[in-house]
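Peer 1: missing the sequence, but the structure's below:
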DNA sequence: CGACATGTTGAACCTCATCAACCGACGTGG
DNA sequence: CCACGTCGGTTGATGAGGTTCAACATGTCG
């Protein structure tokens, strides 16, 4: 993205802080903005009429929130942690997208990535066991922590990070119950695949072992 | 899409017939074409190293097969029934997309729809019970049959159609076993929500009852 | 007709959900 | 300052929904 675009974006942008647990968009109301995640974690959720819930996506910085070509989001978004976002009014943003094809391309790319992630998750939801699910989630977070921390700041093959979700959110993400999440975490702990410093701080001594517990061959990034 | 575009598309297109069960693209080989589905059903699958499989998408006419901006498909595609597709070599197609922004927009739209569908399915995979899953699948097919049949050719609120998948594929789509699929079908049959003429021919006397069995309020299209 | 694929049905087992009790941390009001 | 409720999390006992294993039915094709 060149300087001109960045400038124009900044002109229409508006920063916003949101407390953990606060709703950001609802599946029942039209949405009139797009947003960039600056910090924190946002969960996208779907809910059955009787209240059963599923988290269908997680957004971290520098992810993008918003649905092109439609005001009707088929899901809700809620701050999972305290969140900072940078919003753009739909109208202005869409005009900008029209002017800069490169921007549309980026949005498209991003959507393709989200689709890939969603399909990966379908495999997890449908075919993995509870322990594999929890391990997969931890593995995903561990890799994310390595990326955001820049180059490795610890032993290679190891990782340490803070969970961005409560047990309840993890359960909704993995289609489990909080109890099962808790049990599987202690299982992974007692088998020395992970170490739990506090409830939220995770230490992974050997990423390959975690990947194996997750059911995916250790190879893939 | 205007006439010029259609003409250009036809120039680079190439028709192809594929027998049920034949692979179309593999997650291990790069893909060098895009395709339109003319007839039949294509399943997109993901597989765990140990063989557990999940269908992450179904394509029918006039759906689109192919991944923009990347040669590496993270999934495999296989003909679920006998299939007819219309392929376009990647190079020529991408050049065309570059020339006609409207075409890119359409691809984008299509990807957004796929993403919505994937997330809907995540809710189903994670939170629905076996009977709701099977009913949801049938409901989806029933609505599709109504759309493709044009205006209603039978009693309003009813539908009849042929299943495009074997029990085994349905199981892989819903994350169940063939046995469970079979049992739930007979349950729905004995409770008169559906009628099974042959193994593949389904009759739905009351779509609302089916929608209810699917766990979604009857309202939505 | 036999062989093979597809589908159904039954019985036993297992994973995970459910219900319930408990713990520690935190904040609030008396 | 302490009792209290609340929230997030852990642990245990029990049971149900689905898987697994196995037998059987049905249909199709050479």
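Peer 2: Structure received. Just so it is clear, the model here is predicted, and its values are computed rather than measured.

Peer 1: show me chain A divided up by domain.
Peer 2: Following automatic domain parsing, one gets these domains for chain A: A:3-124, A:129-213.

Peer 1: who wins for proximity to residue B:215 among these?
Peer 2: domain A:3-124 (5.9 Å; Cβ to Cβ). C-betas here are computed from N, CA, C, even on glycine.

Peer 1: can you give me the end-to-end distance of that closest one?
Peer 2: 40 Å (Cα to Cα, to the nearest Å).

Peer 1: any part of it near chain B?
Peer 2: Yes. Under the criterion of Cβ under 8 Å from any Cβ of the partner chain, chain B is reached by domain A:3-124 at A:44, A:46, A:48-50, A:52-54, A:56-57, A:67-70, A:74-75, A:101, A:104-105, A:107-109, A:111-112, A:114-116, A:118-123.

Peer 1: for stretch A:141-151, same thing?
Peer 2: No. Contact of stretch A:141-151 with chain B (Cβ under 8 Å from any Cβ) is absent, the minimum separation being 15.9 Å.

Peer 1: mind listing the residues bridging to the residue nearest the centre of chain A?
Peer 2: In chain A, the centroid-proximal residue (Cα atoms, centre = their mean) is residue A:58; its distance is 2.3 Å. Beta bridges link residue A:58 to residue A:43, judged by DSSP bridges.

Peer 1: picking that back up, closest to DNA strand D out of the domains of chain A?
Peer 2: Shortest distance between DNA strand D and the domains of chain A, using Cβ to the nearest atom of the strand, is found for domain A:129-213: 3.2 Å.

Peer 1: what's the offset of the closest one from the middle of its chain?
Peer 2: In terms of Cα atoms, centre = their mean, to the nearest Å, the centre of domain A:129-213 is found 14 Å from the chain centre.

Peer 1: same deal with stretch A:66-74?
Peer 2: On Cα atoms, centre = their mean, the centre of stretch A:66-74 falls 18 Å from the chain's centre.

Peer 1: what's the lowest-mean-pLDDT helix or strand in chain A packed up against?
Peer 2: Every helix and strand of chain A was ranked by mean pLDDT, DSSP states H and E. The lowest is helix A:3-12, at a mean of 80. The contact analysis (3 or more Cβ pairs under 8 Å, 6 or more residues apart in numbering or on different chains; DSSP states H and E) places helix A:3-12 against strand A:83-89, helix A:90-99.

Peer 1: ok, and for it, which residues are buried?
Peer 2: For helix A:3-12, burial by neighbour count (16 or more other Cβ atoms under 10 Å in any protein chain shown) applies to A:8-9.

Peer 1: let me have the domains of chain A in CSV, extended by distance to residue B:131.
Peer 2: Shown next, in CSV, are these (distance: least, Cβ to Cβ, whole Å):
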stretch, distance to residue B:131
domain A:3-124, 14
domain A:129-213, 17
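
Peer 1: where along chain A do the helices fall?
Peer 2: Ranges of helices in chain A, per DSSP state H, are A:3-12, A:90-99, A:101-127, A:130-148, A:167-174, A:178-190, A:207-213.

Peer 1: residues contacting residue A:135?
Peer 2: Counting by Cβ atoms under 8 Å, 6 or more residues apart in numbering or on different chains, residue A:135 touches A:184, A:188, A:193, A:210-211, A:213-215.

Peer 1: distance of it from residue A:185?
Peer 2: According to Cβ to Cβ, to the nearest Å, residue A:135 stands 10 Å off from residue A:185.

Peer 1: nearest spatial neighbour of residue A:96, skipping sequence neighbours?
Peer 2: residue A:8 (5.9 Å; Cβ to Cβ, 6 or more residues apart in numbering or on different chains).

Peer 1: likewise residue A:23?
Peer 2: Residue A:23 sits nearest to residue A:78 (Cβ to Cβ, 6+ apart), 5.1 Å away.

Peer 1: next one: residue A:13
Peer 2: Residue A:13's closest residue in space is residue A:86 (Cβ to Cβ, 6+ apart), at 5.1 Å.

Peer 1: re earlier: which residues are contacting the least confident helix or strand of chain A?
Peer 2: A:88-89, A:92-93, A:96, A:100, A:102-103.

Peer 1: can you say which of those are buried?
Peer 2: A:88, A:92-93, A:96, A:100, A:103.

Peer 1: what residues of stretch A:30-50 count as buried?
Peer 2: So for stretch A:30-50, counting by 16+ other Cβ under 10 Å, buried means A:31, A:33-37, A:40-46, A:48.

Peer 1: next one: stretch A:155-172
Peer 2: Those would be A:159-161, A:163-167, A:169-172, for stretch A:155-172 by 16+ other Cβ under 10 Å.

Peer 1: near DNA strand C at all, it?
Peer 2: No. Shown here: stretch A:155-172 not in contact with DNA strand C (Cβ under 7 Å from any atom of the strand), separated by at least 7.7 Å.

Peer 1: next, see if that stretch gets close to DNA strand D.
Peer 2: Yes. Against DNA strand D, stretch A:155-172 shows contacts by Cβ under 7 Å from any atom of the strand at A:166-168.

Peer 1: make JSON lines from those and add pLDDT to it.
Peer 2: Putting those into JSON lines (pLDDT from 0 to 100) gives the following:
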{"residue": "A:166", "pLDDT": "97"}
{"residue": "A:167", "pLDDT": "97"}
{"residue": "A:168", "pLDDT": "97"}
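
Peer 1: ok, those vs residue B:201, which is closest?
Peer 2: residue A:168 (44.1 Å).

Peer 1: touching, the closest one and residue A:180? I think so.
Peer 2: No. Counting by Cβ atoms under 8 Å, residue A:168 stays clear of residue A:180, with 11.8 Å between them.

Peer 1: any idea how far residue A:210 is from the nearest residue to residue A:63 once chain neighbours are set aside?
Peer 2: Counting by Cβ to Cβ, 6+ apart, residue A:63 lies nearest to residue A:37, which is 4.9 Å off, once chain neighbours are set aside. Taking Cβ to Cβ as the measure, residue A:37 falls 26 Å from residue A:210.

Peer 1: do residue A:73 as well
Peer 2: 34 Å.

Peer 1: ok, these two, which is more surrounded?
Peer 2: The neighbour count for residue A:73 versus residue A:210, taken as other Cβ atoms under 10 Å in any protein chain shown, is higher for residue A:210 (24 against 19).

Peer 1: any idea how far the more buried one is from chain B?
Peer 2: 15 Å (Cβ to the nearest Cβ, to the nearest Å).

Peer 1: need the contact list for that residue.
Peer 2: A:135, A:138-139, A:142, A:193-194, A:204.

Peer 1: what is the neighbour count of residue A:105?
Peer 2: By other Cβ under 10 Å, the burial measure for residue A:105, its neighbour count, is 15.
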